[in-house]
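In: here's a sequence, model it:
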Amino acid sequence: MPRRGITGAIAALSLTCAFALTAPAKATEMEAVYKISIAGFSVGTADVKSRFDGSAYNIDLQARLTGLAGVLVSGRGAASASGTVSGRQVIPRAFAANSRSSQASRTVRMGLNNGSVAAVEIEPPLQEHADAIPVEAAHKRGVVDPVSAFLMPATIRGNPADPRNCERTIPVFDGAARFDIILSYDGTRDFSRPGYSGPVLVCKARFRAVSGHRPSREAVRFMEENRDMAVWLAPFPANDSLVPMRIELRTQIGMSVIEAGRVNLSPAPRRAAAAQ
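Out: Numbering: from 1, shown residues only. This is a model prediction of the structure:
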């Protein structure tokens, strides 16, 4: 995970959007496979396994480059998060991420207490820059980690397809940078894949850097001016949840699309219930 908010925003939108579920009342497991493409070329996949037990959640993600991209870079990454959902508020407890390529690797671990960052460990340490906007203590309070960022309790209970469920600002801290993801309603569409067929909410997304970034960097300005970001959310009215089916993000090398190949939402196995 590189130093500043630009990469955090890409991670939040391109990978962790794969988790827009509210915690249902009963133990539930979600598994999904997402295909990743850039500028029309397939570059990788992301496998997501999530468990929701009452108000508690635990999410694991494995992403890897495939095809020519995998041959050239040999990249892969993993991330996990856990915490609870209280009403409409997501309260993360722990976050960890590891990225690895043929050139370098980095591990980030973060502990949170009631929405505030308690500890961060990054190995190898990130380089400091004099022109970076300092991350103040207030910027680490009332935040979510990148994986928990798109756990979105429905704003309008009982009607996940309501356009108002798009309207929200998500404060994210990735261990180095603090930024906001601002969502707004952009319409509805039909979507059909194994596991879901029907209407989806289309939410536009905007990126706003807060701290930890370098304002002079072209990548930061690109993201703040980016108007080509969106997530398509499928409603599951039975448990007031929203599941992402497609994520669109324009990058400096072309349009990136993360799209569900299949998704499965089901009750937890009997062994999990027996263990309680």
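
In: pull the number of nearby residues for residue 49.
Out: Per other C-beta atoms under 10 Å, the neighbour tally for residue 49 reads 14. To be clear about C-beta, it is placed using only N, CA and C from the backbone, and glycine gets the same treatment.

In: over to the one 4 residues further on?
Out: A total of 18 residues lie near residue 53 under the criterion other C-beta under 10 Å.

In: test my guess that it contacts residue 29.
Out: No. Taking C-beta atoms under 8 Å as the definition, residue 53 is not a contact partner of residue 29, at 9.3 Å.

In: correct me, but residue 150 touches residue 244?
Out: Yes. Counting by C-beta under 8 Å, residue 244 is a contact partner of residue 150 at 6.9 Å.

In: residue 224 against residue 207, yeah?
Out: Yes. Using C-beta under 8 Å, residue 224 is in contact with residue 207, at 6.0 Å.

In: which residues sit against stretch 187-194?
Out: By C-beta atoms under 8 Å, 6 or more residues apart in numbering, the surrounding residues in contact with stretch 187-194 are 161, 163, 197-202, 232, 234, 245-246, 260-263.

In: narrow those to those that are buried.
Out: Those of the contacts of stretch 187-194 that meet the buried threshold are 161, 163, 200-202, 232, 234, 245-246, 260, 263, by 16 or more other C-beta atoms under 10 Å.

In: which ones among those map onto strands?
Out: Of these, the ones assigned to strands by DSSP state E are 200-202, 232, 234, 245-246, 260, 263.

In: in JSON lines: those residues, plus pLDDT and distance to residue 101.
Out: Shown next, in JSON lines, are those (pLDDT from 0 to 100; distance: C-beta to C-beta, whole Å):
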{"residue": "200", "pLDDT": "91", "distance to residue 101": "33"}
{"residue": "201", "pLDDT": "92", "distance to residue 101": "34"}
{"residue": "202", "pLDDT": "95", "distance to residue 101": "32"}
{"residue": "232", "pLDDT": "93", "distance to residue 101": "29"}
{"residue": "234", "pLDDT": "83", "distance to residue 101": "32"}
{"residue": "245", "pLDDT": "88", "distance to residue 101": "28"}
{"residue": "246", "pLDDT": "92", "distance to residue 101": "26"}
{"residue": "260", "pLDDT": "91", "distance to residue 101": "25"}
{"residue": "263", "pLDDT": "83", "distance to residue 101": "28"}
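
In: which one of those residues is nearest to residue 65?
Out: Nearest to residue 65 among these, counting by C-beta to C-beta, is residue 260 at 18.6 Å.

In: identify the residues contacting that closest one.
Out: 32-35, 193, 195-196, 244-246 are the contacts of residue 260 under C-beta under 8 Å, 6+ apart.

In: excluding residues flanking it in the chain, which one is nearest it?
Out: Closest residue to residue 260 apart from its sequence neighbours, by C-beta to C-beta, 6 or more residues apart in numbering: residue 245 at 4.8 Å.

In: for the one you found, give its distance to residue 99.
Out: Distance of residue 245 to residue 99, computed by C-beta to C-beta, to the nearest Å: 25 Å.

In: got it, and residue 60?
Out: From residue 60 over to residue 99 the distance is 15 Å, taken as C-beta to C-beta.

In: now residue 140
Out: The value you get for residue 140 to residue 99, if C-beta to C-beta is used, is 22 Å.

In: same thing with residue 120?
Out: Taking C-beta to C-beta, one finds residue 120 at 16 Å from residue 99.

In: most neighbours among the contacts of residue 260, which one?
Out: Sorting the contacts of residue 260 by how many neighbours each has (other C-beta under 10 Å) puts residue 244 first, at 28 neighbours.

In: partners of that residue in the sheet?
Out: residue 233 (DSSP bridges).
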